[in-house]
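Engineer: How does the following fold in three dimensions:
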Amino acid sequence: MASPSQRPSHRRSLRTRRVLVVSAAAVVAGAGAGFFVMNANAGGTDLYHQTPAAKDGWASSGSGTTGGAKADAAHTFTVSTRAQLVKALGSVSDTAPRIIKVSGTIDANTDDSGKKLTCSDYASGTGYSLSAYLKAFDPATYGRSKLPSGTQEKARSAAQTKQAKNVTFKVPANTTIVGVPGTKAGITGGMLQIQSVDNVIVRNLTFSATEDCFPQWDPTDGDDGNWNSNYDSVTLRGATHVWADHNTFTDAPHFDSANAKYFGREYQIHDGSLDITKGSDLVTVERNQFTNHDKTMLIGSSDTDSTGKLHVSIHHNVWKGIVQRAPLARIGQVHIYNNLYDTATVNGYVLQYSINSRAKAQVVAEDNYWKIPSTQKFSKLLSGDGTGSVAGSGNLVNGTATDLVAAYNSASSKKIKTTVNWTPTLTAGLETSAKNLPTSLATTTGAGVLN
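Structural biologist: Predicted structure coming up:
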């Protein structure tokens with residue numbers, strides 16, 4: 001792909017990195033090529049207080065992202081249940097720095113006593129039932145020209161509201177949420193909502209089974225209608241200075257291939273993995289694993305999202321078993337570098353595309369590695385609406401340098417532009433060759449790596 005106007009310096013900051021990835025050959029003579037992760041406490045900094053390195057993507061710009069690094073003892077918590085997490089988060093209006101250490105897996109679908117809650121529990125007392133909803137809005141009788149309304153739609157909305165109250169965790173400003181190493185830390189069935197707040201860090205957590213019990217039928221969505229769900233595993237809405245580092249995102253154990261179909265359309269219970277919308281800004285997403293998911297990362301909620309914001313850096317992540325939106329970018333300046341895209345079908349998740357640039361997005365994608373099956377077309381790795389741009393160079397497909405924009409444009413009437421209006425400078429850790437990414441990222445990404 002066409003290069004930006006000038007390649008920025010990639011010299012590492014002298015500041016201690018939160019994770020030091022060193023060539024094994026530099027440490028053990030004759031060990032061959034490879035990488036290992038040094039203890040995250042190297043340099044005397046514990047992972048609960050670590051912050052992005054200098055120039056580590058957009059999250060480091062301006063005042064930087066420190067999360068709860070300045071938390072006092074009264075605002076440092078260790079939690080292992082939903083009720084404890086809710087108490088530790090407190091009110092979103094309380095901006096005192098806080099550190100929340102998550103020990104083990106927290107099930108969002110539990111009550112305050114820890115009792116497991118099901119979809120039936122949320123529906124109880126609302127009058128909702130799926131069978132009644134399907135009968136009320138069958139296109140054969142209800143038609144396809146208007147959104148559902150009336151008794152059963154109100155009941156569905158009421159049931160969804162009950163679930164949302166339980167599974168949505170609202171994160172205040174100046175907060176760090178970190179999984180305790182060695183505890184299989186994570187949140188299942190829940191959503192971290194980072195909305196209209198500044199300065200948040202999320203690390204070392206596995207987000208799984210974020211599911212909506214009550215998807216809404218929209219017969220006007222597309223040619224055939226769609227079932228639409230709520231709840232991203234992590235959602236940024238008007239949030240600024242956010243660092244998401246070393247997390248794992250997955251639909252497991254319920255994959256989309258097990259979803260039912262109603263009205264001829266998939267009954268989709270999953271939404272996004274990590275969405276960055278509604279004027280969110282100054283975000284770095286690094287060393288995460290995104291697996292077993294359809295609509296994975298949305299940057300910009302619509303083509304009219306906030307101009308002048310949506311500055312996002314995405315680097316050293318692994319995307320495997322992903323259908324689309326890795327990411328879908330609108331409007332903003334987005335830097336995508338040193339990521340590994342494994343596009344083989346996993347658990348029924350079949351690739352549609354990796355990166356989508358639309359609504360005049362200014363994307364620089366450089367030094368990424370695509371590992372694709374022999375049947376995969378290069379032209380299907382990108383997507384766009386004819387207004388977005390993708391610049392950058394050094395991208396490899398199965399180890400071979402490939403101009404992905406040229407491949408896409410040769411097969412599409414909606415051409416992706418090859419020039420952008422900015423040059424990345426916040427590029428700490430950028431590797432100018434992608435060839436080792438399949439090896440190095442296998443052991444340095446996702447939850448459970450930090451210790």
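
Engineer: How much space separates the nearest residue to residue 349 once chain neighbours are set aside from residue 296?
Structural biologist: Computed as C-beta to C-beta, 6 or more residues apart in numbering, the closest residue to residue 349 that is not its neighbour in sequence is residue 321, at 4.5 Å. Placement of C-beta: from N, CA and C, glycine included. As for residue 321, its distance to residue 296 is 10 Å (criterion: C-beta to C-beta, to the nearest Å).

Engineer: swap in residue 117?
Structural biologist: 27 Å.

Engineer: next one: residue 440
Structural biologist: 22 Å.

Engineer: Could you check which of these two is surrounded by more residues?
Structural biologist: residue 296 (27 against 22; other C-beta atoms under 10 Å).

Engineer: one step back: list the helices and strands the helix or strand where the residue nearest to residue 349 lies packs on?
Structural biologist: Under the criterion of DSSP states H and E, residue 321 resides in strand 318-324. Applying 3 or more C-beta pairs under 8 Å, 6 or more residues apart in numbering; DSSP states H and E, we find strand 318-324 packed against strand 289-295, strand 340-342.

Engineer: Quick check: which of these is buried the most?
Structural biologist: By mean neighbour count, with neighbours taken as mean count of other C-beta atoms under 10 Å, strand 289-295 ranks first of those at a mean of 24.

Engineer: what about the very next helix or strand once past that one, distance to the chain center?
Structural biologist: Next along the chain after strand 289-295, taking DSSP H and E as the criterion, comes strand 298-299. Computed by C-alpha atoms, centre = their mean, to the nearest Å, the chain-centroid distance of strand 298-299 equals 9 Å.

Engineer: Go through the following helix or strand past strand 298-299 and flag the buried ones.
Structural biologist: Per DSSP H and E, the first helix or strand lying C-terminal to strand 298-299 is strand 312-315. Residues of strand 312-315 classed as buried by neighbour count (16 or more other C-beta atoms under 10 Å): 312-315.

Engineer: Mind putting these into TSV with distance to residue 262 and pLDDT?
Structural biologist: What follows is these, written out as TSV (distance: C-beta to C-beta, whole Å; pLDDT from 0 to 100):
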residue	distance to residue 262	pLDDT
312	35	98
313	40	98
314	35	98
315	40	98
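
Engineer: Let me have the residues you listed in TSV, adding distance to residue 400 as columns.
Structural biologist: Output for those, formatted as TSV (distance: C-beta to C-beta, whole Å):
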residue	distance to residue 400
312	28
313	26
314	23
315	21
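
Engineer: The nearest residue to residue 191 once chain neighbours are set aside: neighbour count?
Structural biologist: In this structure, residue 191 finds its nearest non-sequential neighbour in residue 231, 4.5 Å apart by C-beta to C-beta, 6+ apart. The number of residues packed near residue 231 is 23, by other C-beta under 10 Å.

Engineer: check contacts around residue 231.
Structural biologist: Under the criterion of C-beta atoms under 8 Å, 6 or more residues apart in numbering, the neighbours of residue 231 are 164, 167-168, 190-191, 210-212, 271.

Engineer: Of the residues you listed, which belong to strands?
Structural biologist: Cross-referencing the contacts of residue 231 against strands under DSSP state E gives 168, 191.

Engineer: which one of the contacts of residue 231 is nearest residue 78?
Structural biologist: residue 190 (17.7 Å; C-beta to C-beta).

Engineer: can you pull the contacts of the closest one?
Structural biologist: 82, 106, 108-109, 167-169, 207, 210, 231, 233.

Engineer: and with 7 Å instead?
Structural biologist: 108, 167, 169, 210 (C-beta atoms under 7 Å, 6 or more residues apart in numbering).

Engineer: go on, residue 85?
Structural biologist: Contacts of residue 85 (C-beta under 7 Å, 6+ apart): 79, 106, 169.

Engineer: quick one: the helix or strand hosting it to chain centroid distance?
Structural biologist: If you go by DSSP H and E, residue 85 is part of helix 82-89. Put simply, helix 82-89 sits 23 Å off its chain's centre (C-alpha atoms, centre = their mean).

Engineer: The next helix or strand after it pairs with which strands?
Structural biologist: Later in the chain than helix 82-89, the nearest helix or strand by DSSP H and E is strand 98-102. Paired neighbours of strand 98-102 in the sheet (DSSP bridges): strand 76-79 (parallel), strand 175-179 (parallel).

Engineer: in this structure, which residue is closest to the centre?
Structural biologist: Taking C-alpha atoms, centre = their mean, the centroid of the chain lies closest to residue 274, which sits 2.6 Å from it.

Engineer: Let me know the pLDDT of it.
Structural biologist: Model confidence at residue 274, expressed as pLDDT, equals 98.

Engineer: again with residue 24
Structural biologist: In this model, residue 24 carries a pLDDT of 32.

Engineer: per-residue pLDDT, the closest residue in space to residue 84 that isn't next to it in sequence?
Structural biologist: Residue nearest to residue 84 in three dimensions, not counting chain neighbours: residue 77, with 7.4 Å by C-beta to C-beta, 6+ apart. Note on residue 77: pLDDT of 98.

Engineer: ok, residue 77 touching residue 90?
Structural biologist: No. With contact defined as C-beta atoms under 7 Å, residue 77 does not count as touching residue 90 (9.6 Å).

Engineer: Who has more neighbours out of the two?
Structural biologist: Between residue 77 and residue 90, counted using other C-beta under 10 Å, the more crowded position is residue 77 (19 against 16).

Engineer: From residue 103, how far off is that one?
Structural biologist: For residue 77, the distance to residue 103 (C-beta to C-beta) stands at 10 Å.

Engineer: Ok, residue 234 next?
Structural biologist: 19 Å.

Engineer: cool, and residue 165?
Structural biologist: To residue 103, residue 165 is 24 Å away according to C-beta to C-beta.

Engineer: Looking at the two, which has the bigger crowd around it?
Structural biologist: residue 103 (17 against 9).

Engineer: Which pLDDT value does the model give the more buried one?
Structural biologist: 98.

Engineer: again with residue 233
Structural biologist: At residue 233, pLDDT is 98.

Engineer: how about the helices in this protein?
Structural biologist: Using DSSP state H, the helices of the chain run over 82-89, 119-123, 130-136, 139-142, 151-167, 404-409, 437-440.

Engineer: which outside residues touch the longest one?
Structural biologist: With contacts defined as C-beta under 7 Å, 6+ apart, helix 151-167 is touched by 108-109, 117, 122-123, 126-128, 132-133, 136, 189-191, 213-214, 216, 230-231.
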